[in-house]
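Engineer: Would you be able to build a 3D model of this:
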Amino acid sequence: MARQTTPKKTSRTRYSDEYKSEALKLAERLGVKGAAKELGLHESQLYGWRSKARQQESTSDAEQRLQAENARLKRQLAEQQEELQILKKASAYFAKQLK
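Structural biologist: Below you'll find the predicted structure:
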């Protein structure tokens, strides 16, 4: 009877954000293949890190635009609320005059 063996589980190595950014800088200078070989990583890891970093950069730009738009809309809302209060007071004043 053949004995079944369970495959060994290997733990994943976690790299810090600082290490990833330095690895990406090296990949820009040497190319992904050279950087991966020098660091002992798979090329796919560097490509994944690079795409994730680009996505975060573009998200940051989008978030900044949304924050600016949000601030503009808040100012506009405050101005319109102020105008509405003035119109309410004016209508109350003229309503008293008509009586």
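
Engineer: So residue 49 is in contact with residue 25, correct?
Structural biologist: No. Between residue 49 and residue 25 there is no contact under C-beta atoms under 8 Å: 11.2 Å. No exception for glycine: its C-beta is placed from N, CA and C like everyone else's.

Engineer: Comparing the two, which residue is more hemmed in?
Structural biologist: residue 49 (19 against 11; other C-beta atoms under 10 Å).

Engineer: dump the residue contacts of the more buried one.
Structural biologist: Counting by C-beta atoms under 8 Å, 6 or more residues apart in numbering, residue 49 makes contact with 20, 23-24.

Engineer: Out of the residues you listed, list just those in helices.
Structural biologist: Residues of the contacts of residue 49 located in helices (DSSP state H): 20, 23-24.

Engineer: What segments of this protein are strands?
Structural biologist: Counting by DSSP state E, the chain has no strands at all.

Engineer: Look at the residue most central in space within the chain and report its pLDDT.
Structural biologist: Centre of the chain computed as the mean C-alpha position; nearest residue by C-alpha atoms, centre = their mean is residue 59, 3.9 Å away. Residue-level confidence at residue 59 comes out at 77, pLDDT.

Engineer: Check residue 8 too.
Structural biologist: In this model, residue 8 is scored at 66, pLDDT.

Engineer: Likewise for the one 5 residues further on?
Structural biologist: The score at residue 13 is 86. That number is its pLDDT.
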